[in-house]
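Asks: I would like to see how this sequence folds:
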Amino acid sequence: MASGAANVVGPKICLEDNVLMSGVKNNVGRGINVALVNDVAPFIEFLKSIQDGTIVLMGTYDDGATKLNDEARRLIAELGSTSITNLGFRDNWVFCGGKGIKTKSPFEQHIKNNKDTNKYEGWPEVVEMEGCIPQKQD
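Replies: Got it, this is the predicted structure:
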């Protein structure tokens, strides 16, 4: 997964070597871009309707925080995010969690928007994360 860069390059989310979302596929936009396995719905209702065991991958592009309300942040935190409560205007963030997770997810990267340290004018650098997600053991 990779966050977007400024408002020019969109985020990229891949699963098992398949690109699910990217600027090249033209299926990303400003805000939080979400790719789910086995579920789709409007954002808050979609977050509520995610079935247990569903893997959730998210990456911001431009500004993913401004329109988030407390309920949306709580629902994302329930998927295992620890950074969602601190996600601010134009921060870059990627996350992988799951519905029914009993611990906080170790698969999360977050860079704050800071005019003194931003790599791009007005935006922080890209955050990337890759790795293997363990399967749920019954």
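
Asks: rest of the way, CA atoms for contacts and neighbours
Replies: Will do.

Asks: Could you list the paired strands of the lowest-mean-pLDDT helix or strand in the chain along with their orientation?
Replies: Among the helices and strands of the chain, strand 31-36 carries the lowest confidence by mean pLDDT, DSSP states H and E, at a mean of 77. Each strand that pairs with strand 31-36, with its direction, by DSSP bridges: strand 55-61 (antiparallel).

Asks: about what we covered before: so what secondary structure elements neighbour the next helix or strand after the least confident helix or strand of the chain?
Replies: Beyond strand 31-36 on the C-terminal side, the first helix or strand identified by DSSP states H and E is helix 43-49. In terms of contacts (3 or more CA pairs under 8 Å, 6 or more residues apart in numbering; DSSP states H and E), helix 43-49 is packed against helix 70-78.

Asks: tell me the angle of the helix it packs on relative to strand 55-61?
Replies: With axes from the mean of the first three to the mean of the last three CA atoms, to 10 degrees as the basis, helix 70-78 and strand 55-61 are set at 130 degrees to each other.
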